[in-house]
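Trainee: Sharing a model that was predicted from the sequence below.
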Amino acid sequence: MTMGVSKWLRKGVSGVALATALFALAACGEEQAASDKLKTGPIPEAKAELTVWSFLPGNYEKGVDAYNAIAAEFQKAHPQITVKIIDMPYGTYFDQVRNSVVAQSGPDVITMYGSAQAYSYKNGLYPLQDAIDPALRKEIKYLDENYSADGNLYILPTGSYGYVMLVNRAIFAKAGIDPVAGLATWDAMLATCKTFSEKGIQPMASGWKDGYLFETYLYMITSQMMDKPTLAKWVKGELKLDDKLFTDAVNYIMDMKTAGCFGDDKALGRNMFDDTNVQYATGGAAMLVNGALSRAMQLVKDQPETMAMALPQVPASKHKNLVDAGAEAGWGVTKWTKSPEASAAFVNFIASKESQEKLWAAIGVPSNIAGFQAQAQNDMQAAYLALLANPENHTGFAAFPLPVLAVMERNAAPLMGGTMTVQQFMESANAAFAKTN
Amino acid sequence: MQAVKRRGWRRALDGGLVLLVPAIVLETLVLFLPLVHVAYRSLYDWQPGSVSTFIGFQNYQHLLADPEFWQVIGNQLFYLLGLPLWVIAPLVVAFALREGVWRPGLFRSIYFLPAVMSPAIVGLVFRTLLATDGPVNAALETSGLGFLAHPWLTDVTYVKPVVIFLVLWASFGTGVLIFSAAFAAVPQNIFEAARLDGARFWSEFWHIAVPSVRGTVFLWAMFQLVCIFLFMFGWIYVLTGGGPGLSSATMDFFIYQQFMRFGFYGTAAAQSIALVGAIVLFPALGYGARALIETCVKRRRT
């Protein structure tokens, strides 16, 4: 090798070494905190594009068209803005958002759950409490329970869900049980489960592998056991998971298990999503816990004798007939958006009464606007809307920190399978809760 | 002295090092610098997009005090028990395919097939097959072997052994291929001479074949060792989700959960450094054990 090449190489190596050192220094430099104040006000005249990530359109057969129609309405009002809604698959959605938060780049607006769940992504989301249209603030439901423990509201909630029991009247009739009487009280429900079990009928479609069903029952029961002040404390992080309320709620679920509500140990190997729906849709169970009206509508096609009822109140319930219900999800503005005013306007627009009316008409998303008068097209919609209209309804779902949910999800099968005690289960969940404070 | 050192450095640069420079630069950029960055971040309450506070070794202290971390380490050590199986099984089959087998290439191709399949897809297939009310248990029950039906993926007792067998299934073909190549380089006359002396299959295997390819065996064992720490994520994520409880979770899956799901960035960074430590430590122990064994063997011979 000639001296010339050698010299060039040495210079090259030195250059690369210098560049890598600079890269390392740059990478290790302190990250700057973005401003916490979202700019609102008139949208600038310059052309801009808003990218919106959401998993909601995919939840509905014609969801993409419906949400694109909302975007088109917004564009009509603000011609300088182009809104691009990207329908994201739910399974990987939160990973994509996490990557965006770490990279501090990505969409301008995202769909997100509120309270503790949004708090986990707080480095990427603007607080919205000062960006809500005052007129909208007055009529929107489930706002308070979507605040995070730091006192910020990171999402503007839209839509409604309610966890109800779908009941197959045909199977109840076969077992000689009147569903209304059989689910009138907690004890009546446990007795109903026993009767079904004795007759060899699976009472409730069950699957514990992914842990979501356990969480769902926990939301339903803890919401019953919380009055409004207790829920407020839970949302603010003042009520801790070691409170007796949560252990009692787990024990109520175990009472359901003892009564045979969940069938045999095969449920340990099934997931909630898909598996329990299939179990109910194929007539393999008399009841199914369900949150979304859209899914209930699909299940009616398979089991036409399906009706919707509230889960009976547990003995320690603070309510008469509460259904665990809340916003379907919410919309947040990211801290890296180049169009803060347009993003703020868009989340207000999609949460508005007009947009939610259009979504109800197009794809049947129940609104979270107080006093919303929806025209039911069938019995299932009518029953669901009646249950959702109950002013007692609320949920503490979003205030469960993500690490706690993860621990509960993974420990659900061992708990239900009998290889973990309630005490061990709660200790594990409390350890996860402690990490979040 | 300085001049001699400089000349040595120049000589190295003009020689083989030149060829290594692109790889070194690339490795530095995509591997070592991010690693340094993660190590640096592990000393912070890392908050991407916000102010990160320096907290020294607190992330490591929390990690070491976390029983879940030790449970995951325990799982990882349990998976190490699969190592002899992952090495010996393909070694024996590669040896058996060496001669006297009809179309050995066909068998090698069949064995190799799982290696070209995505772990995510294979994981989904096995998740369905091994479900409590899945086809495997159904087949066992209908064929009168119901006592063998188990909740393979949801029982703490079975889940880790099942993962070990699935990893064997997936990596088996690659092992067979690598060992077949190694056996092809061993002179045939050694085996023929042994056979003339009355050696049988297992004698040939233990006393001739294994010593002849011991370098390859060691290489494959080290490769599998690193795989246990680095390449299990796809399987665990799809097949078991780390469950039941945390009983099948691996370190990489645990890091993923801490970072992606919970946003505990600093803790995840500390766990990543612990994982790198394990990846360095275990192969180093392997190299140490190999050196010790070879020294002992040499002493016995002399």
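Mentor: Happy to help now that I have it.

Trainee: Every contact and neighbour count from this point should use C-alpha atoms.
Mentor: OK.

Trainee: Can you list the residue ranges for helices in the stretch 101-250 of chain B?
Mentor: B:104-112, B:119-129, B:135-142, B:156-184, B:188-196, B:201-204, B:210-212, B:214-230, B:233-239 (DSSP state H, counting those that start in this stretch).

Trainee: Dump the ones you listed to CSV, plus distance to A:Lys138 and mean pLDDT.
Mentor: Below are these laid out as CSV (distance: least, Cα to Cα, whole Å; pLDDT from 0 to 100):
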stretch, distance to A:Lys138, mean pLDDT
helix B:104-112, 65, 81
helix B:119-129, 47, 86
helix B:135-142, 55, 92
helix B:156-184, 51, 91
helix B:188-196, 88, 86
helix B:201-204, 83, 86
helix B:210-212, 79, 90
helix B:214-230, 53, 92
helix B:233-239, 44, 89
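
Trainee: so which of those helices gets nearest B:Ala274?
Mentor: Taking Cα to Cα as the criterion, helix B:214-230 is the member of these that comes nearest to B:Ala274, at 11.0 Å.

Trainee: Okay, buried residues for the closest one please.
Mentor: In terms of neighbour count (16 or more other Cα atoms under 10 Å in any protein chain shown), helix B:214-230 has its buried residues at B:Thr216, B:Val217, B:Trp220, B:Ala221, B:Met222, B:Gln224, B:Leu225, B:Val226, B:Ile228, B:Phe229, B:Leu230.

Trainee: wait, the last one sits on B:Thr250?
Mentor: No. Here B:Leu230 lies out of contact with B:Thr250, judged by Cα atoms under 8 Å, at a distance of 9.1 Å.

Trainee: mind checking the SS state of the residue in the stretch 1-150 of chain B positioned nearest to chain A?
Mentor: Using Cα to the nearest Cα, the closest approach of the stretch 1-150 of chain B to chain A is made by B:Ser50 at 3.9 Å. Look at B:Ser50: counting by DSSP: H, G, I helix; E, B strand; the rest coil, its state is coil.

Trainee: any idea which residue sits dead centre in the chain?
Mentor: Reading this off chain A. Geometric centre of chain A, nearest residue: A:Tyr113, 5.2 Å, by Cα atoms, centre = their mean.

Trainee: wrong one, chain B
Mentor: So for chain B, Cα atoms, centre = their mean, it's B:Cys227, sitting 2.2 Å from the centre.

Trainee: Closest one of the buried residues of helix B:214-230 to B:Val36?
Mentor: Within the buried residues of helix B:214-230, distances to B:Val36 taken as Cα to Cα reach their minimum at B:Leu230, with 18.3 Å.

Trainee: that older thread, of all the helices of the stretch 101-250 of chain B, which lies closest to chain A?
Mentor: With Cα to the nearest Cα as the measure, helix B:156-184 is the member of the helices of the stretch 101-250 of chain B nearest chain A (8.3 Å).

Trainee: Now find how far off-centre the closest one is within its chain.
Mentor: In this view, helix B:156-184 has its centroid 10 Å away from the chain centroid, taken as Cα atoms, centre = their mean, to the nearest Å.

Trainee: That one packs against which elements?
Mentor: In terms of contacts (3 or more Cα pairs under 8 Å, 6 or more residues apart in numbering or on different chains; DSSP states H and E), helix B:156-184 is packed against helix B:67-80, helix B:83-96, helix B:104-112, helix B:214-230.

Trainee: And that helix, what's buried?
Mentor: B:156, B:159-161, B:163-164, B:166-180, B:182-183.

Trainee: now do stretch B:62-70
Mentor: Within stretch B:62-70, the residues scored as buried using 16+ other Cα under 10 Å are B:Leu63, B:Glu68, B:Phe69.

Trainee: Contacts only, for the second one.
Mentor: The contact partners of B:Glu68, by Cα atoms under 8 Å, 6 or more residues apart in numbering or on different chains, come to B:Leu246.

Trainee: Apply 10 Å and report the result again.
Mentor: By Cα atoms under 10 Å, 6 or more residues apart in numbering or on different chains, the residues touching B:Glu68 are A:Ser428, A:Ala431, B:Gly74, B:Gly245, B:Leu246, B:Ser247, B:Ala249, B:Phe254.
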